[in-house]
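1. Build me a structure from this.
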Amino acid sequence: MGLQDLRGLRTATELDAAAYTALRAELEPLLAACDWFTVGVMAPTAATAATCLRQLETALGWSPLALDPGCEALEAIEGPVFLKANQNTGRFLLRRETGLGEGLLITGHGSANPDAEDTWGPFPLDLFAA
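-> Now for the predicted structure:
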């Protein structure tokens, strides 16, 4: 399974360890061509969404993003959520959202190389777990 196979899926598909490795190997050079990123996480809980974001930040060496001060505290949000993170602003938003699938979307941005810009996923929420 490659990156193109994920396009248009509503929710992330289950993958084995070999597929995780192959997807990350295909994705990493594409990410390297971008200047900054936005991330969308569709998750069953706020804690799961935040964990997914923190794993991504750690795996790719990104500075941790801060919860937007206008958002509710993570522990106050029950049920399914959508997390939207933006490296350019250094913040992420989190809101209750039902009816979504589950997965991680990454969008790369780059004013110097607009051809590198794209959106990838949805990936399993633990794709970037250690």
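
2. Can you list the residue ranges for strands in the protein?
-> 36-43, 66-67, 81-86, 91-96, 103-109, 118-123 (DSSP state E).

3. could these be laid out in JSON lines, adding mean neighbour count?
-> C-beta here means a position set from N, CA and C on the backbone, and glycine is covered the same way. Formatted as JSON lines, those follow (neighbours: other CB atoms under 10 Å):
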{"stretch": "strand 36-43", "mean neighbour count": "21"}
{"stretch": "strand 66-67", "mean neighbour count": "14"}
{"stretch": "strand 81-86", "mean neighbour count": "20"}
{"stretch": "strand 91-96", "mean neighbour count": "16"}
{"stretch": "strand 103-109", "mean neighbour count": "20"}
{"stretch": "strand 118-123", "mean neighbour count": "20"}
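
4. Ok, which of those comes nearest residue 60?
-> strand 36-43 (8.5 Å; CB to CB).

5. Low-confidence bits of this protein, can you list those?
-> Within the chain, the segments meeting pLDDT under 70 span 130.

6. how about the most far-flung residue of the chain relative to its centre, what does it touch?
-> The centre of the chain is farthest from one residue, residue 112, which by CA atoms, centre = their mean lies 22.6 Å away. Residue 112 is in contact with residue 35, counting by CB atoms under 8 Å, 6 or more residues apart in numbering.

7. now residue 47
-> 74, 75.

8. go on, the one 5 residues further on?
-> When contacts are counted by CB under 8 Å, 6+ apart, residue 52 is found next to 41, 43, 83, 104, 125, 126, 128.

9. do the same with residue 14
-> Residue 14 makes contact with residue 124, according to CB under 8 Å, 6+ apart.

10. Over to residue 48?
-> residue 125.

11. now residue 73: how far from residue 14?
-> Separation of residue 73 from residue 14 (CB to CB, to the nearest Å): 31 Å.
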